[in-house]
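>>> Need coordinates for the below:
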Amino acid sequence: MSDTLEDRGKALENEYFRRKERELIEKMKAKLEAEETKDLKLDCPKCDGHLFESEYEGIVIDICDSCSGVWLDAGELAHIMDEEDEKGWLSRFFG
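Below is the predicted model of the structure:
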């Protein structure tokens, strides 16, 4: 009889921890979703205006809403240059 009580106690304990783990997992998922959907506003390095993303020939570039500055991430200028090779003014300008 003590074995059945002991088994029942272990089962209840396992169920309690399973429920707590499930609650923690749900909280972590909600936190991750909130972080992913958070709008990451970047400030312009020149004037502290806000940058918004725009697409130029398949490349996402950052444009300042205040000074209209254009900012490129690492490797984006090289990618534009490769695409424009012998096609446009940008490659002639930097070439």
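>>> what are the ranges of the helices in the protein?
Listed in chain order, the helices found in the chain under DSSP state H are 2-37, 76-84, 89-94.
>>> I61: which of those is closest?
Of all those, it is helix 76-84 that lies closest to I61, at 6.7 Å by CB to CB. For every residue, glycine as well, the C-beta is placed using N, CA and C.
>>> now the helices of the chain in TSV, with mean pLDDT, mean neighbour count and distance to S68?
Shown next, in TSV, are the helices of the chain (pLDDT from 0 to 100; neighbours: other CB atoms under 10 Å; distance: least, CB to CB, whole Å):
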stretch	mean pLDDT	mean neighbour count	distance to S68
helix 2-37	89	10	28
helix 76-84	74	14	18
helix 89-94	60	11	17
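>>> how about the ones you listed in CSV, adding distance to V70?
Output for the helices of the chain, formatted as CSV (distance: least, CB to CB, whole Å):
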stretch, distance to V70
helix 2-37, 26
helix 76-84, 10
helix 89-94, 12
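>>> Could you point out which of these sits nearest S54?
Among the helices of the chain, helix 76-84 sits nearest to S54 (CB to CB), with 12.1 Å.
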